[in-house]
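Student: Quick one: sequence plus predicted model below, questions after.
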Amino acid sequence: MKRKKGISLIVLVITIIVIIILAGAVILSLANNNPIESANEATFKSNVAGYNSELAMAITNEYLKDNSFDSATFYVDVWDGTGTGDGTIKEYITSMSEVDGAKFEIQKSKLVYVGTNQIEKDYLTEIGITSILGVNVIAVENTTVNGKAATYQNPIVPTGFKAINDGKVWPTDWNEGIVIEDVSGNQFVWVPVDGTDVTYIKWCTTGSTYADTTDDTLPSGMIEINQINSYGGFYIARYEAMFDYNGGNIRVASKVSTNKTNLIDWSSTRNATYDGYVWNFVDYTDAKSYAENMDTSYGYDTSKVGTNLMTGTQWDTAMRWISNNSGPSVTDSRIWGNHINSTSPANVGNGTLQISGFSENWKAKNIYDLAGNTWEWTNEIYSSYCVYRGGSYCQSGITDSAACRYNNYANNASYDLSFRTSLYIL
C-alpha cells in the first residue's frame, strides 16, 4: 500500500519563516518609501517654495514703495483663515492656504514656521526655513522662543539653554519669573527691566547704603549694562549656590539642594560627602571664583553667555522688581523669607538653616531664598570689605531683610553665608 506524500513539518516551518522574513522586508520597504508620505512631503515643500517666491516679490514691492524700508523691522503675524487676510501673512502671500496660514509668520522679512508638527519642521530644515525655538528645546543660538525681537517682555533664551514652563508660561508670564534650564538642570530666572517701573540702578539703603559701595571687576569682555540695553533684563540663579563635587572638579550648581550643614565648617574638606549641599562656609574669593567659572565648568558657549556673582545693581533691581506693584516688602521680609522672626506664611523653618528651595513660602517671582536662609556674597565692595545681601535664618527679617547690605572681610566664611550666580547674555 502506497502512502500519500505530504509536506514535512521541517519544510513547513522553513516556509513560514521565509514568508515572515519576506513580509517584514515588504513592510519595512513600504515604511521607508511610503508613497503617500513622500507625496505629502513633496507637496508641502513645493507650497513653501511658492510662498517664499511670493514673499520675495512682496519685499521687493515694499522697497519700491519706500526706499527707506528696513527689512529687519518687517514682521507679519499668522492668518487665522478669517476675513480678507489684510494685516496678516495672507496679505503678502496671497497663495497661502488657510491651514498653512496658521503655521507661518514673516519675521525680519523671512518666512518662519511657527507650527508644532515635528515632521514639517524636519522638512523645512532641509530647505532652510527657520522654525521658532518653542519651549523645552535647547537653543543653538541666543534667540527668543517665538523668533521675535528680544525685549523685557520677550526674553532671550541663551545658547545651550531651554525655556521651561515651570509654573509660568513663556513669554506670557514675563513679569512673574520665567525660567531657563541648561542640560545639567541648572535654572535661572529672567528679571525684566522695563526702564520705568523697574530701572537698572542701585537704590537699597538698608544696612550699608549703596552710595558707599563700589563694584568689583567683572570677567574680561563682560559689560554689565550691555544686556540691559540690548535685551531688557538679566538672569539670576533660581537657587542659592549648591555644592557640586563632580568627581573632584568642584563647581557651583543652581538647583534644589539635597542637604545642609549647620555649624560644621566643611570649607577645608570639600569632598564628595558634601555633594548637593547648600554651599555655606564659603568666603568671597571662592564665591567669586566659582561663580565666574560656572560657565566653563558646564561647557557653556562663552562667546554667547557668561557667569559671575550677582552685582549690587542686579540685587537692587531684583528687589525693585519683587516689591513693585504691591509685591512683598523687601525691607521687611518676614512674611516671605526664612528669618528668626518670620511670620505667617513664612514661619515654616523654625529659624533654622534649610536646603535651598525648601519652601514655596520663601519664593518671590519664582526665585527661592532671596530673603533669609543664608546671606549671599555679591560682586560689590564696601571700603576694604566685601558685601553680602539678603539676611539669614538666624537674624531678623526687619533689620536684616532681603534688601539689606552687610559686609565683612573677604576671607570670612560662615555657617549662614552663601552666594548666587548671575548669567550674562553676551
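Tutor: It's in.
Student: which residues does F161 form a beta bridge with?
Tutor: When bridges are assigned using DSSP bridges, the partners listed for F161 are D182.
Student: Return the residues in contact with it.
Tutor: F161 makes contact with I138, A139, I180, E181, D182, F188, V305 under the criterion CB atoms under 8 Å, 6 or more residues apart in numbering. Backbone N, C-alpha and C define where each C-beta goes, glycine included.
Student: got a pLDDT number for it?
Tutor: Residue-level confidence at F161 comes out at 97, pLDDT.
Student: Give me the distance between it and T374.
Tutor: 25 Å (CB to CB, to the nearest Å).
Student: now do N154
Tutor: 33 Å.
Student: Pick out whichever of those two has more residues nearby.
Tutor: Applying other CB atoms under 10 Å to N154 and T374 shows that T374 carries more neighbours, namely 30 against 19.
Student: The nearest residue to the more buried one once chain neighbours are set aside sits in which helix or strand?
Tutor: Spatially, and ignoring its direct neighbours in sequence, T374 is nearest to S418 (4.0 Å; CB to CB, 6 or more residues apart in numbering). Assigned by DSSP states H and E, S418 belongs to strand 417-419.
Student: Parallel or antiparallel, which strands does that strand pair with?
Tutor: For strand 417-419, pairing defined by DSSP bridges yields strand 375-382 (parallel).
Student: and the next element down the chain from the partner strand?
Tutor: From strand 375-382 onward toward the C-terminus, using DSSP H and E, the following helix or strand is strand 385-389.
Student: how far off strand 375-382 does that following strand point, in degrees?
Tutor: The directions of strand 385-389 and strand 375-382 differ by 140 degrees, with axes from the mean of the first three to the mean of the last three CA atoms, to 10 degrees as the criterion.
Student: quick one on the thing from earlier: for the strand holding S418, give me every contacting residue.
Tutor: The contact list for strand 417-419, computed with CB under 8 Å, 6+ apart, reads 240-241, 252, 278-282, 287, 290-291, 309, 374-378, 388, 392.
Student: Counting only helices, which of these make the cut?
Tutor: A287, Y290, A291 (DSSP state H).
Student: I225: which of these is nearest?
Tutor: Looking at the ones in helices among the contacts of strand 417-419 and their distance to I225, the nearest is A291, at 19.0 Å (CB to CB).
Student: from memory that closest one sits against L309, does it?
Tutor: Yes. The pair A291 / L309 is scored as a contact, 4.4 Å apart, by CB atoms under 8 Å.
Student: Give me the common contacts of the two.
Tutor: Any residue near both A291 and L309 by CB under 8 Å, 6+ apart counts here, and that gives F419, T421, S422.
Student: pull the CA atoms of stretch 355-371 into CSV?
Tutor: Presented in CSV, the C-alpha positions along stretch 355-371 are these (Å, rounded to 0.1, in the frame of the first residue of the first chain):
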residue,chain,number,x,y,z
ILE,A,355,18.0,73.4,51.9
SER,A,356,17.6,75.8,49.0
GLY,A,357,14.1,75.6,47.6
PHE,A,358,12.8,74.2,50.9
SER,A,359,9.5,76.2,50.9
GLU,A,360,7.2,77.7,48.4
ASN,A,361,6.5,80.3,51.0
TRP,A,362,10.1,81.5,50.7
LYS,A,363,9.8,82.2,47.0
ALA,A,364,9.2,85.5,45.2
LYS,A,365,8.8,85.9,41.4
ASN,A,366,9.7,82.2,41.1
ILE,A,367,13.1,82.7,42.8
TYR,A,368,13.9,81.0,46.1
ASP,A,369,15.5,82.3,49.2
LEU,A,370,16.5,85.8,48.3
ALA,A,371,15.2,86.7,51.7
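Student: Please state the backbone phi and psi of D122?
Tutor: Summarising the backbone geometry of D122 under the convention degrees, to the nearest 10, its torsions are phi -60, psi -40.
Student: same check, this time on E126
Tutor: phi -70, psi -30.
Student: Report the spatially nearest residue to P345, omitting neighbours in sequence.
Tutor: With sequence-adjacent residues excluded and distances taken as CB to CB, 6+ apart, P345 is closest to N361, at 4.6 Å.
Student: show me what contacts the residue nearest to P155 when sequence neighbours are not counted?
Tutor: Among residues not flanking P155 along the chain, W190 sits closest, at 4.5 Å (CB to CB, 6+ apart). Residues in contact with W190, defined by CB under 8 Å, 6+ apart, are P155, W174, G177, I178, V179, I180, G233, F234, Y235.
Student: Count the neighbours of the closest residue to I156 other than its chain neighbours for me.
Tutor: Once flanking residues are discounted, I156 sits nearest to A150: 4.7 Å by CB to CB, 6+ apart. Here the count is done by other CB under 10 Å, and A150 has 19 residues near it.
Student: circling back to that earlier point, so the residue nearest to T374 bridges to which residues?
Tutor: E376.
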